[in-house]
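[1] predicted model and sequence below, questions to follow.
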Amino acid sequence: MKKKLLIPSLCAIMLAGACLGGKTGAAAGASNEAGISYGVPRDSIMLSDPCVLADSVTHTYYMTGTGGKVWKSGDLEFWDGPYTVVSPDSSSWMGPDPAIWAAEIHPYKGRYYYFATFTNDSVTIACNRNGAIPRRASHILVSDTPDGPYRPVSRADYLPADRPTLDGTFCLEADSVPYMVFCGEWIFNDNGTMEAQRLSSDLSHPVGESELLFRASDSPWSRELIDGRIVPNRVTDGPWLFRTGTGRLGMIWTSWIYNVYTMGVAYSLSGRIEGPWEQEPEPLTPPDHGHGMIFRDFSGRHILSLHSHRDDNGHYIRRPVFFEVDMSGDRLTLGQKL
């Protein structure tokens with residue numbers, strides 16, 4: 001019998017406490033010999049896919065994302081970093097210097113798990129009209145502290161090796177069965193997917209096959225122009241699961257409206273991960289904001305963390321942005337920008 005999901009992460013369950021700010025005695029933006037800067041304003045940080053852990057043990061906020069680094073803060077406004085925390089297995093399929101996307105930190109069973117997407121551009125798994133497709137997949141690393149170092153839980157392939165997958169996030173069934181929810185990349189199938197993969201209780205390997213939740217083409221709000229026709233956009237990006245105050249299971253995820261990066265919401269009609277999933281008709285966020293997650297700060301507020309997006313002559317400029325959100329009713333609603 002399928003069970004309802006709990007959202008374990010904090011990235012999803014955040015506890016209250018007092019925090020430290022930037023490092024004592026360091027001027028705002030000052031750096032030491034190791035390249036760590038202190039007291040950096042959040043709006044000065046360049047970071048895609050920002051995920052925030054409010055850690056009750058250290059009473060510190062940890063922010064990670066694309067790039068595989070970590071920033072630390074006591075107040076969500078001024079940050080120290082970036083700290084190197086990831087130690088991938090260079091002898092694995094990732095190779096010695098993988099690109100790291102969309103990292104998240106999740107507390108689970110007394111340890112900290114680092115879900116991230118790794119790409120090895122030296123390994124090609126397919127070629128199609130979109131070009132050569134490199135080996136890319138979400139993997140899980142672990143550490144005893146939120147500061148790392150994070151090392152692979154195992155050498156197991158969590159997701160298929162013959163197609164590109166990305167943006168794996170963590171969620172638990174009510175009976176504590178863990179899952180990774182992830183995206184099947186559009187460059188492989190021309191219609192991105194949202195899927196769920198059951199995991200072993202120690203997060204060391206997958207259990208069974210992944211399950212399709214929905215496709216990019218199911219979205220009523222995303223669109224693009226192909227061969228003169230307006231069609232649903234092909235991209236699925238950045239899933240994050242949550243429950244409303246009434247217990248309704250939802251998912252934020254991101255796609256595009258033409259060239260505008262945009263986040264939407266879907267809800268499970270069954271209250272279970274397998275759905276079926278119904279898409280909200282309109283996007284959640286302002287234009288050019290996306291790939292988000294929800295955490296609770298130390299004062300008890302629910303906060304949506306995501307990045308702003310600007311295309312500067314083909315170079316993406318992305319910075320962390322926070323919005324208050326209301327989850328007390330039957331649906332997620334966006335509040336003021338922080």
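    Good, I have the coordinates. Residues are numbered from 1 along each chain as shown.
[2] for this protein, just list every one of the helices.
    Ranges of helices in the chain, per DSSP state H, are 186-189.
[3] how about residues contacting stretch 186-193?
    Residues outside stretch 186-193 that contact it (C-beta atoms under 8 Å, 6 or more residues apart in numbering) are 126, 128, 130-131, 133, 163-164, 183-185, 212-217, 234-237, 255. Glycine gets a C-beta too; all of them are placed from N, C-alpha and C.
[4] quickly note the distance from Tyr83 to Gly292.
    Distance, Tyr83 to Gly292, using C-beta to C-beta, to the nearest Å: 22 Å.
[5] sorry, that was for Gly39
    25 Å.
[6] for Thr124, same thing?
    31 Å.
[7] now Ser48: closest residue in space, sequence neighbours ignored.
    Thr66 (4.0 Å; C-beta to C-beta, 6 or more residues apart in numbering).
[8] verify the stated contact: that neighbour with Ile45.
    No. With contact defined as C-beta atoms under 8 Å, Thr66 does not count as touching Ile45 (12.0 Å).
[9] returning to what we had before: give me the more crowded residue out of Gly39 and Gly292.
    A direct count of neighbours by other C-beta atoms under 10 Å for Gly39 and Gly292 places Gly292 higher, at 26 against 17.
[10] so who does the more buried one touch?
    So Gly292 contacts 238, 240, 252, 254, 263, 285, 304-307 (C-beta under 8 Å, 6+ apart).
[11] switch to 6 Å and redo it
    Counting by C-beta atoms under 6 Å, 6 or more residues apart in numbering, Gly292 makes contact with 252, 263, 304-306.
[12] what is the nearest of these to Ser87?
    Ser305 (24.8 Å; C-beta to C-beta).
[13] quickly list what the closest one is bridged to.
    Met293, Phe322 (DSSP bridges).
[14] surely it meets Ser48?
    No. Using C-beta atoms under 6 Å, Ser305 is not in contact with Ser48; the gap is 11.7 Å.
[15] who has more neighbours, the two?
    Neighbour totals were compared for Ser305 and Ser48, and Ser305 leads with 24 against 21 (other C-beta under 10 Å).
[16] before we move on, back to that, OK, contacts around the residue nearest to Ser48?
    So Thr66 contacts 48-49, 101-102 (C-beta under 6 Å, 6+ apart).
[17] so what strands line up beside the strand ranked longest in the chain?
    As assigned by DSSP state E, the longest strand anywhere in the chain is strand 111-128. Looking at strand 111-128 with DSSP bridges, its partner strands are strand 99-108 (antiparallel), strand 131-143 (antiparallel).
[18] can you list these in CSV and add mean pLDDT, distance to Met327 and mean neighbour count?
    Below are the strands paired with strand 111-128 laid out as CSV (pLDDT from 0 to 100; distance: least, C-beta to C-beta, whole Å; neighbours: other C-beta atoms under 10 Å):
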stretch, mean pLDDT, distance to Met327, mean neighbour count
strand 99-108, 98, 19, 23
strand 131-143, 96, 26, 20
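[19] of those strands, which is nearest Arg331?
    strand 99-108 (23.4 Å).
[20] off-centre distance for the closest one?
    Distance of strand 99-108 from the chain centroid (C-alpha atoms, centre = their mean, to the nearest Å) equals 7 Å.
[21] and the contacts of that strand?
    Contacts for strand 99-108 (C-beta under 6 Å, 6+ apart): 9, 11, 49, 51, 53, 62, 64-66, 68, 112-117, 119, 167, 170.
[22] stretch 268-283 now?
    Against stretch 268-283 from outside (C-beta under 6 Å, 6+ apart): 2, 4-5, 196, 211, 213-214, 218-221, 249, 262, 264-267.
[23] restricted to buried residues, select those in PyMOL.
    One line in PyMOL is enough to select the buried ones among the contacts of stretch 268-283; burial here means 16 or more other C-beta atoms under 10 Å:
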select buried, resi 4+5+196+213+214+218+219+221+249+262+264+265+266+267
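[24] which members of the contacts of stretch 268-283 are positioned in strands?
    5, 196, 211, 213-214, 249, 262, 264-267.
[25] any low-confidence regions in the stretch 1-150 of the chain?
    Low-confidence segments of the stretch 1-150 of the chain, defined by pLDDT under 70: 1-33.
[26] Ser44: neighbour count?
    The burial count for Ser44: 12, using other C-beta under 10 Å.
[27] same question but for Thr244, I mixed them up
    17.
[28] and the nearest residue to Gly264 once chain neighbours are set aside, what's its pLDDT?
    In this structure, Gly264 finds its nearest non-sequential neighbour in Pro283, 5.0 Å apart by C-beta to C-beta, 6+ apart. Pro283 carries a pLDDT value of 97.
[29] show the contacting residues for the residue lying closest to Pro50 once chain neighbours are set aside.
    Nearest non-adjacent residue to Pro50, counting by C-beta to C-beta, 6+ apart: Pro320, 4.0 Å away. Contacts for Pro320 were tallied using C-beta under 6 Å, 6+ apart; they are 42, 45, 47, 50, 307.
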